[in-house]
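> Got a sequence here, can you build the structure:
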Amino acid sequence: MINMCQFRFYSTMQSQKLHQSLQSYFGFDTFKDRQEEIIQSILSGKDTLVIMPTGGGKSLCYQLPALLLNGTALIISPLIALMKNQVDSIRGYAKEDEVAHFLNSSLSKTQVRQVKQDVKSGGTKLLYVAPETLTKEENIAFFKSVEISFVAVDEAHCISEWGHDFRPEYRKIRAMIDAIGDNIPIMALTATATPKVKSDIIKNLSMDDVRSFTSSFNRQNLYYEVRPKISKDQTFREMVQIIKERTGQSGIIYVQARKSTEEVAKILEVNGINAAPYHAGLDAKTRTKVQDDFLMEEIDVIVATIAFGMGIDKPDVRFVIHYDIPKSIENYYQETGRAGRDGLEGSCIAFYAHKDILKLEKFLKDKPLSERELSAQLMEEVIAYSETSQCRRKFLLHYFGESFKTEDCQKKCDNCKRPKEMQEAGGELKIALGVVEELNENYGIKFLVEYLVGRKTQEMKNFRFDQKKSFGTGKDRGNLYWHSLLRQAILNNYLRKDIEKYGLLKLTNKGRAFLDNPASFKMSMNHDYSVAPGEVITSSGSNGAALDEVLMGMLKKLRLEEAKKRGIKPWIIFLDPSLQDMATYYPTSTEDMLNISGVSKGKAERYGGPFIDLIKNYVIENEIEKPSDLVIRQVADKSRSKVSIIQGIDRKLPLEDIAISSKMSLPDLLDEMNIIVSSGTKLDINYYLEDNIDEDVVEEIYDYFQEADSESIEAAFDELKEEDITKEEIQLVRIKFMSDMAN
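Down below sits the predicted model:
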C-alpha cells in the first residue's frame, strides 16, 4: 500500500512530467486554472466533465493527454467546417501532419484511406469526427480494430434539449462508444452549461464515477452593454461608430437572418469598413475563404449568423456586437465569449428591441408544444438580461449557478458604469413573496405580475383568483415595477426558478426567512424598451455617441413653438427619431441636417433653420465636440425596389401595377410608401386618390391628421373605423398628407 509520503512524491513526479510535456509540446510554462487536474483525471482513466468558458483552454485538456497516451483519441465535434482549423492548430505544434486528422463526409475515398492508414500506423494521436461519422458501420468496425485512448465530446451541451444548440445525433454517442469497445474513458467539454444541462450530459453519456470540473464563468476582461434598437438607421450608425473607434481591430457582428448578414456587411463596406458576411447558405468554398481571411486579418469584421464562431481560435477579437438579440443566454454567453480570448479587453454590445423577441416567437408557432414552452423560457431569460438595471455580469454568472458581488464588476458593464437610482422596496418584496407563497409556488413571473396589478384575465376569472384578498394589491405600482422586483428577487436569491417546471417561481430559504423577518431591500427599475422612440432613451455606450437629453428637451420645446407659429402639429415638422438624431450628432448646417434620418432637402429648407441655429449655439456654449462620423452612407434598398416605386409614381402608374412589378402585395407597397415619405421623400399620389377614394373620405382623413397628436396609422384607424374608413384608405391619405405638409 502506498503511504501518504509516497503518494505525494508520485503526484509531484506526475506534475513535473506534465509540465515538461506542456513545455515540450506547446511551449507553455504553466497550466491555466484547473487544466492540470483535468488532464490528470483523463490520464487516470476517469470519466471527466469539463465546463470551461470560451478562452479558458478547453482544447488543451484533451490535446495534451491525447499526445501522451497510447492509441488515438476520438474528438467528437459538431461542426465539420471547423475541424480543419482544429487539426491545423494541433499540427502547428507537431513535426508531422499525421499527428492529427479529421474524418468526415468532406473527404474523398483516397483521403479517407490515408487517414485510416495513419491511425493504424499509430502516428495519429487525435482524430476529429462528426457524430454522424460514428453512426456508419464501417467506421465502427474500423475503430474497434485500433486502440482508442479516450473519447472527447466537444460542445457537449448539444446533448441536452435544455442546451442552446440541441442536436438529436448527440443522443446516440453513448451507444456508438459502447459499440466500439468497453471501458473507454469519456471527456465531455462545453463552454456553457446550466446545472440542468450538466446533469443531462452526465446522464446521457452514462459517465460512471465522473469527475466534474467547472471553471468560473466570469470573463473580467469583457465589457457588457445593451443599447435600445430604435431603428435600422440608428443601429447602423451606432455600429459604424463603434467599429471606426476600433479601426483595424477584429470583430464579429451576430444577426439572426442570412439576409441580414449581407445587408449589414454592405452597409459597413460602403462606410470604409473591411467586412464580409458569413452564413450557412454560402457555398463551402466561400465560407472557408471568409473564415480564413478573418483569421489572416484580411477581413476586420465578420457579419454572421450563429453558424460562425464555434471552435474558431482567434484570440484577438476585440468586439462582439449583437445586431439581433440571441435566442438564449447560453447563445449570448458563447458568442460574446469570442471576444478577448487573449485576456485583453473586449467589448460586447447588444442591440435590443422587444419586437425582435416577437419575431423569434413567430418562428416557434409551428413547433411542438414542449419545444415552444422550452424556448419561451429561454427567451424570457434573454428579456430579463436585456432589461435588467442590475449588474449584467452578476446576472450572467447567477444564470450559470455562480455567485458574484456587484462591486467586483469594476464598472465593466453599462449598468455598473451608469447605475440607476436605488429605491427602498422591502415592503413590496414581502408582498410579492407572500403572493408566491399564497399561490402555492405554482406560477411564473408573467402570471404573478398580472395577479399583483389586478389584471382580470380569463385565467384569473376561471380559477376565481380575482376573488382572492391579495389580488391587485400591487396595482398602484404597475407592470414594470413588479417585473423589476421579481427579477431582482431571483438575482438576490429570495426566489428561484424551477427550470424543469416551466419556470415556476419557488421561495428559497432566504425568501422564507425574509417573510418571517422582513428587512430593507433596495431595488432599481428595469430599463423600459417598450416605450415609443423618443420618450425614454438610455443609449450611451462606453465609447459611442450618446443622445444628449438636455438638447433633446430643447429641440422638443422649439418644435412645439414652431408648430404653434405655423398652426400645425409638432410631429409634422420633425418626427421624434429625427430629433433624437439631432440630439446625438449635432447638425450645424443644412448639409449636416440632410444626414439626419427623416430629413429631406425640402424639409431641411422648410423647417430646419431655427433648429440649426439652436444646435449651433448649444454646441458653442457647451464646448461640444461633434461626433466625427455623422455621415453614414447607405446601400440602395434594392430588395424593396424603392427607386422603381418612386419612378412608377412619377409616371402616374396604378399602384397595383407598381406592386406587381416590385413583386410585393399592395399592403406591402403601401407600407413601403409610408416608410419613404416618413424618411423625407415626397410622393405625389393625387392621381391615384382621385380615381380610387371618395373626395369626402380623403378630406376627412386629411383633417384628422391635421389635428392628430401622432402620425400613427393604427391610432387613425381606431378613431375613424366607425366611419367605415379602411386602413388602406388611411395609409394612402397619410402618404399625401406627409408629402404635402411634412416634406
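> all helices of the stretch 51-200 of the chain, in order?
For the stretch 51-200 of the chain, applying DSSP state H, counting those that start in this stretch gives helices covering 58-68, 80-91, 109-120, 131-134, 137-144, 173-180, 195-204.
> Tell me which of those helices is the most buried.
Greatest average neighbour count among those goes to helix 58-68 (a mean of 23), per mean count of other Cβ atoms under 10 Å. No exception for glycine: its C-beta is placed from N, CA and C like everyone else's.
> What are the buried residues along stretch 45-52?
Going by neighbour count (16 or more other Cβ atoms under 10 Å), the buried part of stretch 45-52 is 46-52.
> can you tell me which of the helices of the stretch 51-200 of the chain comes nearest to K355?
helix 195-204 (29.1 Å; Cβ to Cβ).
> contacts for that closest one?
When contacts are defined by Cβ atoms under 8 Å, 6 or more residues apart in numbering, helix 195-204 is touched by residues 49, 51, 156-157, 159-163, 170-171, 173-174, 188, 190, 193, 207, 210, 212, 214, 330, 401, 499-500.
> sorry, back to before: which of the buried residues of stretch 45-52 lies at the shortest distance from I357?
Set against I357, the nearest of these by Cβ to Cβ is I51 (27.7 Å).
> List the contacts of the closest residue to that closest one other than its chain neighbours.
Leaving aside its chain neighbours, I51 sits nearest to T214 (4.4 Å; criterion: Cβ to Cβ, 6 or more residues apart in numbering). Shown in contact with T214 (Cβ under 8 Å, 6+ apart): 51-52, 198.
> Can you give me the neighbour number for E561?
E561 sits with 12 neighbouring residues when counted by other Cβ atoms under 10 Å.
> coming back round to it: would you format the buried residues of stretch 45-52 as TSV with secondary structure and pLDDT included?
Formatted as TSV, those follow (DSSP: H, G, I helix; E, B strand; the rest coil; pLDDT from 0 to 100):
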residue	secondary structure	pLDDT
K46	coil	93
D47	coil	95
T48	strand	96
L49	strand	96
V50	strand	95
I51	strand	92
M52	coil	88
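> okay if I get these as TSV plus distance to Y702?
Output for those, formatted as TSV (distance: Cβ to Cβ, whole Å):
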residue	distance to Y702
K46	79
D47	75
T48	73
L49	69
V50	68
I51	64
M52	65
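> before we move on, back to that, TSV please, covering the helices of the stretch 51-200 of the chain and showing mean pLDDT and distance to E441.
Listed next are the helices of the stretch 51-200 of the chain as TSV, based on pLDDT from 0 to 100; distance: least, Cβ to Cβ, whole Å:
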stretch	mean pLDDT	distance to E441
helix 58-68	92	38
helix 80-91	77	44
helix 109-120	93	55
helix 131-134	86	39
helix 137-144	93	48
helix 173-180	93	35
helix 195-204	88	18
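> Nearest approach to T588 belongs to which of those helices?
Set against T588 and scored by Cβ to Cβ, the helices of the stretch 51-200 of the chain come closest in helix 80-91, at 49.3 Å.
> ok, now which ones touch the nearest residue to V453 once chain neighbours are set aside?
What sits nearest to V453 in space, not counting adjacent residues and going by Cβ to Cβ, 6+ apart, is K475, at 5.0 Å. By Cβ under 8 Å, 6+ apart, the contact list for K475 reads 452-454.
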